[in-house]
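Participant: task: produce atomic coordinates for the following.
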Amino acid sequence: MAVADERKPPSSGGVRPPTRLARGLGVGAVVTLSGLLLIGCGGPRPAPVPSPSRSAAPSPSPSPKGPTCSNQTVMAGWTIKQLAEQVVAVPVQETDVSAVQAEVAQGVGGILLFGSNAPADLGSQLKSVEASAPGGIIPLVMTDEEGGGVQRMANLVGSLPWARQMGSTMTSAEIQSAAASIGRVMLQQGVTMDLAPVVDIDGGVGPNATNPDGFRSFSSNSTVATNDGLAFAEGLAAAGVIPVVKHFPGLGEASGNTDDGPAATLPDATLQTGGLLPFEAAVNAGLPAVMVSNASIPGVTTLPASLSPAAIQGLLVGQLHFQGLILTDSLTALAIADLGLSVAQATVESIAAGADMVLFSSGDPGQVTAAIDAAMVAAVADGQIATSRLVEAAGQVLAAKGVNLCSPSGPR
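Facilitator: Take a look at the predicted model:
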């Protein structure tokens with residue numbers, strides 16, 4: 001079982017994590033870099049406060065003939081299984097995307113592409129799979145295009161240097177232009193979300209078993225890491241691809257790689273004047289999505305951040321006031337398995353903690369998704385998760401996709 005989170009509220013049937021108000025930013029959202037140098041240099045930050053209410057998408061104007069329609073009012077009529085499917089992104093090899101045809105037909109919220117040599121007709125293959133999505137609500141299609149050794153589609157989008165090399169040899173404008181260039185090809189191929197940029201502050205060697213970042217980080221300097229990371233994000237967004245800043249609250253100088261086992265970030269007091277700064281800047285710039293790491297945070301939680309209300313509701317939502325889509329790092333990482341949790345159990349804990357979408361990178365997608373569905377149904381039935389929390393999470397996924405369930409012409 002997971003160890004107790006020292007800042008997690010006591011469990012009771014009526015106590016739920018507070019909700020947030022979404023900005024409704026999705027594909028095509030454009031962010032700005034205005035004022036990031038000031039933010040990157042530090043300054044006072046707001047103390048943690050209770051997170052504000054959020055709604056997954058703006059409501060259409062009230063109809064004179066009936067009540068206001070919104071994504072939330074429509075989803076209130078969905079089954080728990082339908083809601084649970086939307087908060088899951090299933091992994092698949094980019095050379096065999098038809099392998100998740102059944103999961104897409106069941107309504108999964110996302111597809112996570114793995115591999116290193118994408119087929120030339122990836123876009124048409126994805127379109128064929130997406131045709132089976134119920135109600136025309138197609139999944140987010142995501143992959144890792146960071147640069148250097150972390151590129152899934154380099155043969156299609158072109159090679160990028162490691163982030164470290166970009167940070168030391170390119171201007172922010174050049175980084176933005178390079179990201180926009182790969183983003184345009186990604187979108188042409190049907191990939192709508194990039195699990196990048198890494199905005200962690202790190203100057204070490206890696207990635208390896210002891211350092212998850214290394215050359216994936218733009219710099220050990222907080223200003224450079226902030227400005228270059230957000231320039232990369234702005235380029236993607238301008239191309240119509242959703243950027244995901246990672247790995248909150250900052251894996252720079254972490255004690256180890258969570259893919260290989262438990263690890264901890266730097267202490268919270270250190271993060272407040274270092275690792276958190278790029279994420280604070282990203283939130284202030286209006287970026288639409290954040291990935292939460294599987295590392296614990298000394299001084300905040302002994303749980304992996306991806307499972308911790310103190311990390312998600314306390315730091316990301318409460319202190320930084322983030323209002324967009326919150327994704328987990330892979331819940332099949334050994335840092336999660338070390339707790340004795342299955343992916344389904346970890347999903348329940350993560351969604352209850354305030355995450356909106358869970359990722360996993362191994363295991364049979366059909367079996368894992370079925371287990372998640374069953375676990376979520378049970379968690380709602382026994383009061384571990386409120387239906388409203390699941391509606392909120394699924395609503396955030398729909399908002400990221402730009403889906404309007406009330407549109408007369410269909411969900412998009």
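Participant: so which residues of the stretch 51-200 of the chain form helices?
Facilitator: 71-75, 80-86, 101-106, 122-130, 154-157, 163-169, 172-188 (DSSP state H, counting those that start in this stretch).
Participant: tell me, which of these is the model least confident about?
Facilitator: When the helices of the stretch 51-200 of the chain are compared by mean pLDDT, helix 71-75 comes last with a mean of 93.
Participant: which helices and strands sit right next to that one?
Facilitator: Packing partners of helix 71-75 (3 or more Cβ pairs under 8 Å, 6 or more residues apart in numbering; DSSP states H and E): helix 387-401. Where you see a C-beta, it was placed from the backbone N, CA and C, and this is true even at glycine.
Participant: related to what we said a few turns ago, export the helices of the stretch 51-200 of the chain to a markdown table and tack on mean neighbour count and distance to residue 401?
Facilitator: Listed next are the helices of the stretch 51-200 of the chain as a markdown table, based on neighbours: other Cβ atoms under 10 Å; distance: least, Cβ to Cβ, whole Å:
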| stretch | mean neighbour count | distance to residue 401 |
| --- | --- | --- |
| helix 71-75 | 19 | 11 |
| helix 80-86 | 23 | 10 |
| helix 101-106 | 18 | 14 |
| helix 122-130 | 18 | 12 |
| helix 154-157 | 18 | 22 |
| helix 163-169 | 20 | 27 |
| helix 172-188 | 20 | 14 |
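Participant: quick one, what contacts the nearest residue to residue 397 once chain neighbours are set aside?
Facilitator: Nearest residue to residue 397 in three dimensions, chain neighbours excluded: residue 109, at 4.5 Å (Cβ to Cβ, 6 or more residues apart in numbering). Taking Cβ atoms under 8 Å, 6 or more residues apart in numbering as the contact definition, residue 109 lies against 85, 86, 87, 88, 89, 139, 140, 357, 394, 397.
Participant: and the fourth one, how many neighbours?
Facilitator: Applying other Cβ atoms under 10 Å, we find 28 residues neighbouring residue 88.
Participant: let me know the pLDDT of it.
Facilitator: 98.
Participant: can you tell me how far it is from residue 348?
Facilitator: To residue 348, residue 88 is 12 Å away according to Cβ to Cβ, to the nearest Å.
Participant: how about the last one?
Facilitator: Relative to residue 348, residue 397 is positioned 17 Å away (criterion: Cβ to Cβ).
Participant: more neighbours, those two?
Facilitator: Counted by other Cβ under 10 Å, residue 397 and residue 348 do not tie: residue 397 has more neighbours, with 26 against 22.
Participant: what is the three-state secondary structure of residue 328?
Facilitator: Using DSSP: H, G, I helix; E, B strand; the rest coil, the structure places residue 328 in strand.
Participant: quick one: contacts for it?
Facilitator: 291, 292, 294, 306, 350, 355, 357, 358, 359.
Participant: so what touches the helix or strand hosting the fifth one?
Facilitator: Per DSSP states H and E, residue 350 falls inside helix 343-353. By Cβ under 8 Å, 6+ apart, the surrounding residues in contact with helix 343-353 are 2, 17, 87-88, 306-309, 311-313, 328, 331-332, 336, 339, 341, 358, 360, 363, 368, 371-372, 374-376, 379, 384-385, 389-390, 393.
Participant: excluding sequence neighbours, find me the nearest residue to residue 263.
Facilitator: Residue 263 sits nearest to residue 256 (Cβ to Cβ, 6+ apart), 3.8 Å away.
Participant: is it true that residue 399 touches residue 75?
Facilitator: No. At 11.5 Å, residue 399 does not count as touching residue 75 under the criterion of Cβ atoms under 8 Å.
Participant: how about low-confidence regions in the chain?
Facilitator: Counting by pLDDT under 70, the chain has low-confidence residues at 1-67, 412.
Participant: mind listing what's buried along stretch 146-161?
Facilitator: By neighbour count on 16 or more other Cβ atoms under 10 Å, the buried set for stretch 146-161 is 146, 147, 148, 150, 151, 152, 153, 154, 156, 157, 160, 161.
Participant: chain center to it: distance?
Facilitator: Centroid separation for stretch 146-161 versus its chain: 20 Å, with Cα atoms, centre = their mean, to the nearest Å.
Participant: now swap in stretch 89-107 and tell me
Facilitator: 19 Å.
Participant: any idea how far apart the tips of it sit?
Facilitator: 10 Å (Cα to Cα, to the nearest Å).
Participant: mind listing the strands for the stretch 101-250 of the chain?
Facilitator: Taking DSSP state E, counting those that start in this stretch to define them, one finds strands in the stretch 101-250 of the chain at 110-114, 140-143, 145-147, 150-151, 193-194, 242-243, 245-248.
Participant: quick one: closest of those strands to residue 132.
Facilitator: strand 110-114 (12.1 Å; Cβ to Cβ).
Participant: strands paired with that closest one, and their directions?
Facilitator: Strand 110-114 pairs in its sheet with strand 88-93 (parallel), strand 140-143 (parallel), by DSSP bridges.
Participant: what comes into contact with it?
Facilitator: Taking Cβ under 8 Å, 6+ apart as the rule, strand 110-114 contacts 88-94, 97, 100, 104, 126, 129, 139-143, 152-153, 191, 193, 357, 359, 361, 397.
Participant: hmm, 6 Å instead?
Facilitator: Contact with strand 110-114 is made by 89, 91, 93, 94, 100, 139, 140, 141, 142, 143, 152, 359, as judged by Cβ atoms under 6 Å, 6 or more residues apart in numbering.
Participant: make CSV out of those and add distance to residue 119.
Facilitator: What follows is the contacts of strand 110-114, written out as CSV (distance: Cβ to Cβ, whole Å):
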residue, distance to residue 119
89, 20
91, 17
93, 10
94, 7
100, 15
139, 18
140, 20
141, 14
142, 17
143, 13
152, 12
359, 22
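Participant: from the residues you listed, which is closest to residue 266?
Facilitator: Each of the contacts of strand 110-114 was checked against residue 266 using Cβ to Cβ; the closest is residue 359, at 23.8 Å.
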